[in-house]
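J.: what's the 3D shape of this:
(4 chains)
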Protein chains: 2
Amino acid sequence: MDQPAPSPRSATRHKIEAALLDDIAAGLLQPGERLDETRLAERFGVSRTPVREALSGLTAQGVLVAGEKRGVRVAQYSRAELGQMFEAMQEIESICARLASQRLTLLARAEIEGAQAACADAAARNDRLAYIKANEALHMSIYRATENPYIFELASDFRRKTGPFRAKKLETQEDLHASVENHIDLLAKIFSEDVQTAVDGMRKHMTESFMRVLAANG
Amino acid sequence: MDQPAPSPRSATRHKIEAALLDDIAAGLLQPGERLDETRLAERFGVSRTPVREALSGLTAQGVLVAGEKRGVRVAQYSRAELGQMFEAMQEIESICARLASQRLTLLARAEIEGAQAACADAAARNDRLAYIKANEALHMSIYRATENPYIFELASDFRRKTGPFRAKKLETQEDLHASVENHIDLLAKIFSEDVQTAVDGMRKHMTESFMRVLAANG
DNA sequence: GAATATCAGTTTGTATACAAAAGCAACCGT
DNA sequence: ACGGTTGCTTTTGTATACAAACTGATATTC
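T.: Residues are numbered from 1 along each chain as shown, chains lettered A, B, ... in the order given. Okay, here's the model as predicted:
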């Protein structure tokens, strides 16, 4: 859904990257855990070469980090690092809110509202996994509304990196509904005539989001 | 200077990456030009494996792009893409200006002014290469003043990607002196008490910079 | 003459084999 | 008993070999 396989130029490598990202998101791979090339190779039934490429790709994305001694590990962040990361993310998201608000095309607005409906639907069904996906899609649609692919990618990158931490904050159905309410409020501000309202709305949204992340990951 | 080889964990790979970056910066590798793994391997006297890793690393950084048909090519941008890229860069730089202005420690200020002096010195000596390096260092010191490593990296990445295009706009000594004047003005605004002044100053600086880039790369 | 299909020649992706570096532990010396 | 050194084992980095995919071209047929 993110990349609809623009060029299936290296199927195995991307399959492995995706599988590892899933494992991390699902918590099967804990932050700080070490990844062994050989084990992964036999787990996926491939040689070390594509595993190696996947690992260096994820390392470049910041999902994994080259360990102090040996091997690569799942990135883990201290409270302070998490704070800096979310600060950066807040700045990026604020830019997105401003540009989206200024440029909002009919198509972009339709996509945002469609994603929002999908969120509400998933929350009503109490489908946590679907909600997380729909929520990602919602934010992505806001990024896309900036009409700037570089900013889109910047914002997407941060979402990838912080994904594991944000996931934890959505456990109960109340969490889901609260999140939906927050988004209704946020979108109203982005759709408002006043750009500053949109930016402030996004700042508030991100601050609240971060507070919940801290509470869940403290 | 950028990465003081934190872990010389793969010497050849980084040597190749650095060599290719140099070639691109020097214009030996034109934007759009295709890179052949095998040729590079024999040129550096190594096997295709480390070359391959270097190429995928640079691709991840956006310096190279996976060609439509085959091979990787030096990234080339249309006028429109260049505009979007500089727009994103302007947003990032503005964030840096704001945070730097808000947080400015004595150390950060000292580093910025030191870098500024190095710029002026290089301009006075009409040393174009030294000026480019000093100019990079100056902007880096502003990024560092944000006290946020993630924002620092974001900004640095854009600088890397746009480097080849910005380099072209500094040909004559007048260009250098004009650039120094611009920086004096910019720094005064960043050092001012008013945050909005700093942000506006950076926006103006980036806009002017982009205009000169467009003129040189049109 | 044009269009399609097939074939040859690159080129890239994956596998495996090999070598060197680094961690770890045991052993020896003091 | 403690520390240092040496040797082994594991892991990673690099090379090479192999197979599949894609490009381009030529030939054949309509």
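
J.: could you grab the helix/strand/coil label for the residue nearest the centre of chain A?
T.: Computing the C-alpha centroid of chain A and ranking residues by CA atoms, centre = their mean puts A:Arg159 first, at 2.7 Å. The three-state label given to A:Arg159 by DSSP: H, G, I helix; E, B strand; the rest coil is helix.

J.: touching, it and A:His139? I think so.
T.: Yes - counting by CB atoms under 8 Å, A:Arg159 touches A:His139, with 6.4 Å between them. Bear in mind the C-beta positions are built from the backbone N, C-alpha and C, glycine included.

J.: quick one, what contacts the residue nearest to the centre of chain A?
T.: By CB atoms under 8 Å, 6 or more residues apart in numbering or on different chains, A:Arg159 lies in contact with A:Met89, A:Glu136, A:His139, A:Met140.

J.: any idea how far the first one lies from DNA strand D?
T.: Spelled out, it's A:Met89. 30 Å (CB to the nearest atom of the strand, to the nearest Å).

J.: separation between the residue of chain A most remote from its centre and B:Ile184?
T.: Distance from the C-alpha centroid of chain A, by CA atoms, centre = their mean, peaks at A:Ser47 (29.6 Å). A:Ser47 sits 57 Å away from B:Ile184, going by CB to CB, to the nearest Å.

J.: one more: A:Leu40?
T.: In terms of CB to CB, A:Leu40 sits 54 Å off from B:Ile184.

J.: ok, now A:Ile142?
T.: Using CB to CB, we find A:Ile142 at a distance of 38 Å from B:Ile184.

J.: which residue is it, in chain A, that comes closest to DNA strand D?
T.: A:Gly71 (3.0 Å; CB to the nearest atom of the strand).

J.: now the phi/psi pair for that residue, please.
T.: Phi and psi for A:Gly71, reported as degrees, to the nearest 10, are phi 70, psi 170.

J.: that one - how many residues pack around it?
T.: 14 (other CB atoms under 10 Å in any protein chain shown).

J.: which residues does it contact?
T.: Neighbours of A:Gly71 in contact, by CB under 8 Å, 6+ apart: A:Arg34, A:Leu35, A:Asp36, A:Glu37.

J.: flag every buried residue along stretch A:64-78.
T.: A:Leu64, A:Val65, A:Ala66, A:Val72, A:Arg73, A:Val74, A:Ala75, A:Tyr77 (16 or more other CB atoms under 10 Å in any protein chain shown).

J.: which one of these is nearest chain B?
T.: Among the buried residues of stretch A:64-78, A:Ala66 lies closest to chain B (CB to the nearest CB), at 6.6 Å.

J.: distance of the nearest residue to that closest one once chain neighbours are set aside from A:Ala167?
T.: Spatially, and ignoring its direct neighbours in sequence, A:Ala66 is nearest to A:Val72 (5.6 Å; CB to CB, 6 or more residues apart in numbering or on different chains). For A:Val72, the distance to A:Ala167 (CB to CB) stands at 21 Å.

J.: so A:Asp185 touches A:Met202, yeah?
T.: No - contact between A:Asp185 and A:Met202 fails when scored by CB under 8 Å: they sit 10.8 Å apart.

J.: please identify which of these two sits among more neighbours.
T.: Between A:Asp185 and A:Met202, counted using other CB under 10 Å, the more crowded position is A:Met202 (24 against 12).

J.: what's the pLDDT at the more buried one?
T.: At A:Met202, the model reports a pLDDT of 95.

J.: likewise A:Pro4?
T.: 37.

J.: just A:Val74 next, same as before
T.: 91.

J.: kindly report the same for A:Arg9.
T.: For A:Arg9, pLDDT reads 68.

J.: roughly how far does A:Ala137 sit from A:Pro149?
T.: Counting by CB to CB, the gap from A:Ala137 to A:Pro149 is 17 Å.

J.: try A:Leu40
T.: For A:Leu40 relative to A:Pro149 (CB to CB), the value is 32 Å.

J.: could you check which of those two is surrounded by more residues?
T.: Neighbours were counted for A:Leu40 and for A:Pro149 using other CB under 10 Å; A:Leu40 has more, 19 against 14.

J.: roughly how far apart are the more buried one and A:Gly32?
T.: From A:Leu40 to A:Gly32 the distance is 17 Å (CB to CB).
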